[in-house]
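> Coordinates only, no sequence provided:
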């Protein structure tokens, strides 16, 4: 057996040490990625494609970079990559292509560049795995310094899939400008996971009156996991579903610009436990609502009909705070006016159901809107569907509304009205919308918001949490067949019992002043 001298061993170790020592590691002992792996490039039309997502600030390849996208206006990601926990700057419209998968670790912060209206767009067949936690949510937010953030500072988050809609297979281009078309035949389609995620200050208007929503779902299938989302200060709708079948739980809309929960083009999923709170000084020129629901833009008979089912929603409207007045003088955007061309208007209703929608809502509460309900008959057969029991609004409590109902958009009178002909049918009779609301099982009206015994929760800017003795408690009913499966059976109306525990840890009600 041969032996080596101490000098030989030492010399060998000295030679090999730099080779092994070059492999640095993170705090968990995992090796850092190679900063210069092979980036595989291609093109899709005029847009560059790449199997890597991270770059240096100058757009050069760098797997340890902190910039998402190469700086082009549009960039298509074709690989399978995990963003390690950290803070990143996103530039341009980033498409997660068919077959690609982007995974984002809990606690990650992604700032959207204002100049490029940065947006993340998951295309049909692509996947986003954004699985945050209550203690480490994933945050998409403005790249502006705290104190200078505004609605529309960046684009938004768009998820598209191959679920069903009433425009056909890949028959509809997603709202807001991106190239992506969505829709298919697979109700169980899986676009990934969106859980414990916040989206703040989104909605950049790339053209006049054409903004990306906070979170947009296009034909997303129910194989996708969606829960614990908060959209704050969106420059358009907080959430909008264009078709699809995805189910959603525990979602928050804070101080959006237009509507809170907008459903279109055959969306048929379920939503439970949702909170909407409005800033009294922010409303859209189109008139802002809690729900806005259409079958499609024309109110056609296209199938599948928009037939989403909501339960346990709390809508906190603008009335009762800041000496609210529903006037353009009062609704001036306050400190959040973005000076980006977005136009302000007035508040309208807690619920506007129109254009042939078959929406259903149960066990929910809405307070402080100028109008409670609009069953709008201007386009489509919405009122006829309501008479046929194809529109269900049951076990709903309204409080502090100026009027219970109106029959048309921008009509603030509770009179029987012909929305299609834009004429009053009978000024001595209440609107069909009021009559319908009062006829629905379990609905209640309170003149005064205080009758609901609401108090502040972890958010101190509005009263949304029922106290012991509130009529919202022990008032729920899950007897309807639409609620037989999937929904959690609880005893209370609205999003909360006497605690708001599901908000704790991951939400942020003051993103303007957060250090990111």
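Everything's here; your move. For clarity, every value in this text was computed on a predicted model and none was experimentally measured.

> burial count for residue 161?
Using other CB atoms under 10 Å, residue 161 is surrounded by 32 other residues. C-betas here are computed from N, CA, C, even on glycine.

> er, residue 71 I mean
Residue 71 has 15 nearby residues by other CB under 10 Å.

> before we move on, what about residue 85?
With other CB under 10 Å as criterion, residue 85 counts 15.

> so what's it scoring on pLDDT?
Residue 85 carries a pLDDT score of 98 in this model.

> unless I'm mixing things up, it is touching residue 108, no?
Yes. Contact criterion CB atoms under 8 Å: residue 85 and residue 108 qualify, at 5.3 Å.

> what's across from residue 399 in the sheet?
residue 367, residue 446 (DSSP bridges).

> how close does it sit to residue 433?
17 Å (CB to CB, to the nearest Å).

> who has more neighbours, those two?
residue 433 (32 against 25).

> ok, now which ones touch that one?
Contact analysis of residue 433 by CB atoms under 8 Å, 6 or more residues apart in numbering lists 372-375, 404-407.

> Go again with 10 Å.
Residue 433 is in contact with 349, 351-353, 371-377, 382-383, 386, 393, 403-408, 414, 416-417, counting by CB atoms under 10 Å, 6 or more residues apart in numbering.

> Would you mind listing which of those residues are buried?
Judged by neighbour count, with 16 or more other CB atoms under 10 Å as the criterion, the buried members of the contacts of residue 433 are 349, 351-353, 371-377, 382-383, 386, 393, 403-408, 414, 416-417.

> Now, those residues that are in helices?
382-383, 386 (DSSP state H).

> quick revisit: got any residues that touch both of residue 85 and residue 108?
Contacts common to residue 85 and residue 108, judged by CB under 10 Å, 6+ apart, are 136, 138.

> count of residues packed around residue 59?
Neighbours of residue 59 using other CB under 10 Å come to 14.

> which residues does it contact?
65, 67, 69-72, 91.

> 6 Å instead?
Contact partners of residue 59, counting by CB atoms under 6 Å, 6 or more residues apart in numbering, are 70-71.

> for residue 88, helix, strand, or coil?
strand (DSSP: H, G, I helix; E, B strand; the rest coil).

> how much space between it and residue 143?
Residue 88 is 10 Å from residue 143, by CB to CB.

> same check, this time on residue 247
32 Å.

> Where do the helices of the stretch 401-516 of the chain begin and end?
Assigned by DSSP state H, counting those that start in this stretch, the helices in the stretch 401-516 of the chain fall at 432-439.

> what about residue 381, how many residues close to it?
By other CB under 10 Å, neighbour count at residue 381 equals 17.

> what's the closest non-adjacent residue to it?
Leaving out its chain neighbours, the residue that sits closest to residue 381 by CB to CB, 6 or more residues apart in numbering is residue 356, at 5.9 Å.

> so that neighbour touches residue 295, yeah?
Yes. Using CB atoms under 6 Å, residue 356 makes contact with residue 295 at a distance of 3.5 Å.

> okay, these two: which has more neighbours?
A direct count of neighbours by other CB under 10 Å for residue 356 and residue 295 places residue 295 higher, at 31 against 25.

> Narrow the buried ones among the contacts of residue 433 to those in strands?
349, 351-353, 371-376, 393, 403-406, 416-417 (DSSP state E).

> residue ranges with poor pLDDT in the stretch 101-250 of the chain?
Residue ranges of the stretch 101-250 of the chain with pLDDT under 70: 209.

> The residue nearest to residue 509 when sequence neighbours are not counted and residue 230, how far apart?
Among residues not flanking residue 509 along the chain, residue 459 sits closest, at 4.2 Å (CB to CB, 6+ apart). Counting by CB to CB, the gap from residue 459 to residue 230 is 11 Å.

> which one of the two has more residues nearby?
residue 230 (26 against 20).

> Please settle this for me: is the more buried one part of a strand?
Yes. Assessed with three-state DSSP, residue 230 lies in a strand.

> residues contacting it?
Here residue 230 is in contact with 198, 252, 507 (CB under 6 Å, 6+ apart).

> which among those residues gets closest to residue 51?
Nearest to residue 51, judged by CB to CB, of these is residue 198 at 28.3 Å.

> And stretch 288-297, end to end?
In stretch 288-297, first residue to last residue: 17 Å (CA to CA, to the nearest Å).

> Need the residues that contact that stretch.
So stretch 288-297 is in contact with 258-265, 276, 302, 305-306, 315, 347-357, 359, going by CB under 6 Å, 6+ apart.

> Show me which parts of it are buried, residue by residue.
Buried, per 16+ other CB under 10 Å, within stretch 288-297: 288-296.

> likewise stretch 491-498?
Per 16+ other CB under 10 Å, stretch 491-498 contains these buried residues: 492-497.

> First residue to last residue on that stretch, what's the distance there?
11 Å.

> tell me the mean pLDDT for that stretch?
98.

> what does that stretch contact?
Contacts of stretch 491-498 (CB under 6 Å, 6+ apart): 273-275, 312, 314, 363, 365, 397, 465, 472-476.

> and it, how far out from the chain's middle?
22 Å (CA atoms, centre = their mean, to the nearest Å).

> same question, stretch 344-361
The answer for stretch 344-361 is 17 Å, by CA atoms, centre = their mean.

> swap in stretch 190-209?
6 Å.

> Begin at 59, not 1, for the rest of this chat.
Fine by me, first position is 59 from now on; the one you just mentioned is stretch 248-267.

> Same question for that stretch: list its buried residues.
In stretch 248-267, counting by 16+ other CB under 10 Å, buried: 248-263.
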